[in-house]
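A.B. asks: Sequence plus the predicted model coming up.
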Amino acid sequence: MSFLYISTSEGATHEEGYKIAVLPGDGTGPEVVQEGVKVLQAVSSVEGFKTELVEYDLGGERYLKTGETLPDTVLAELRTMDAIYLGAIGHPDVKPGILEKGILLRIRFELDLYINLRPVKLYPGVDTPLKNKGPAEIDFVIVRENTEGLYAGAGGVLKRGTVDEVATQESINTYKGVERCLRYAFEFCRQRARARKLTLCGKTNVLTYAFDLWERVFRQMATEYPDIAIDYAHVDATCMWMVKNPEWFDCIVTDNMFGDIITDLGAMIQGGMGIAAGGNINPQGTSMFEPIGGSAPKYTGKNIINPLAAICACQMMLSHLGEKKAAQRVERGVMQVLQDRLKSLSAGEMGYSTAEVGDMVAEYSVKG
Ligand code: IPM
Ligand code: MN
């Protein structure tokens, strides 16, 4: 039942323990990360591996106090970790863009986390806004390119603030970046071993340079994967089909910007931000796992935010580290809590506090 993650550390025994950087971050980040860590510690003790957690106070508060976003010394330490576990970045008193670019995007770029992996899986007992669709229909994975495209920062501005202002923002697509993303997607689709179907989501009818590159490499690479059926959908049509016929999808691969957008749509059809998790992956290096919902400032400190997305991010991290059994335990625990206990996934409507949900998942995860 659990997802598979390509990992170089697969099967490695870590007697000395996995070194994990914990970045609780802003808003409700610390509250949900605390529950993820609770579950991590519970399953690591039953499965018999150790973890060494190193916490960093990156985020809005540190920035407001010191002006620092991500100091080079911290970045250097992050590179030496087995994984990074992130809560959320985003502070109401900090201008949008500063923390996102200075922390989240900088880590993605500097550590070359070129894949953003986002499972869209509806668990039994969870409501989806899609009529007549259930867990059998909503179970796919989006592989988003995570270091190029419109996020590369190419472009500029002239005559800002005048009527002659010119602003450009270019999408950068390199052969290397496209190739490695598609490669990961084909390999992932094969390992996942479900419908074995990979859909390229693009816009070949308008973005005729960028998606020509994507499509050529995609079709060429497909000849190396005769066991995988390929399909193509424009991004607008992808949005339509994700709502109308989500069962058509097994794996979707796309660029950074389209991936950003369709993964939020994906999060909604799997039950909302309370359950949506993602991995920022460098298959050869340190990867970072996070709930994708953001810092939710209005719920901060109330002990009512749903920690399941953070717990699911922890599950992805365990799977990536090669601790498949521990990851399966966490997924089982999450599923049991969803099915037997939670009234809703929304903050304040779960029927339990943040900490209680973490306790229940930890308890169910260690059983059996
Ligand atoms: C995400 C977020 C980020 C993104 C923001 C916070 C920069 O929306 O992880 O999807 O756009 O990638
Ligand atoms: Mn996003």
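C.D. replies: Yep, it's here. Numbering: from 1, shown residues only. Ligands and ions are numbered 1, 2, ... in the order given.
A.B. asks: Up against ligand 1, what does the stretch 251-368 of the chain have?
C.D. replies: 260, 292 (C-beta under 6 Å from any ligand atom). Bear in mind the C-beta positions are built from the backbone N, C-alpha and C, glycine included.
A.B. asks: The stretch 251-368 of the chain: helices as residue ranges?
C.D. replies: All helices of the stretch 251-368 of the chain, identified by DSSP state H, counting those that start in this stretch, fall at 256-269, 308-320, 324-340, 354-366.
A.B. asks: out of those helices, deepest packed?
C.D. replies: Highest mean neighbour count among these (mean count of other C-beta atoms under 10 Å): helix 308-320, with a mean of 29.
A.B. asks: In contact with residue 287, which residues?
C.D. replies: Residues in contact with residue 287 (C-beta atoms under 8 Å, 6 or more residues apart in numbering) are 83, 84, 111, 113, 279, 280, 281, 317, 320.
A.B. asks: actually residue 342, sorry about that
C.D. replies: 125, 350, 351, 352, 357.
A.B. asks: what do you get if the cut-off is 10 Å, keeping everything else the same?
C.D. replies: When contacts are counted by C-beta atoms under 10 Å, 6 or more residues apart in numbering, residue 342 touches 125-126, 274-275, 306, 308, 334, 349-352, 357, 360.
A.B. asks: now do residue 43
C.D. replies: 49, 51, 314-315, 318, 323, 325-330, 333, 361-362, 365-366.
A.B. asks: repeat that with 7 Å
C.D. replies: 326, 329, 330, 365, 366 (C-beta atoms under 7 Å, 6 or more residues apart in numbering).
A.B. asks: Tell me the one among those residues nearest to ligand 1.
C.D. replies: residue 330 (21.4 Å; C-beta to the nearest ligand atom).
A.B. asks: Closest residue of this structure to ligand 1?
C.D. replies: Counting by C-beta to the nearest ligand atom, the chain gets nearest ligand 1 through residue 100, at 3.9 Å.
A.B. asks: if I pick that residue, what's in contact with it?
C.D. replies: residue 89.
A.B. asks: which element follows the strand or helix carrying residue 178 toward the C-terminus?
C.D. replies: In this structure, residue 178 sits in helix 175-192 according to DSSP states H and E. As assigned by DSSP H and E, the chain's next helix or strand after helix 175-192 is strand 197-202.
A.B. asks: orientation of that next one relative to helix 175-192 in degrees?
C.D. replies: Between the axes of strand 197-202 and helix 175-192, defined by axes from the mean of the first three to the mean of the last three C-alpha atoms, to 10 degrees, the angle is 150 degrees.
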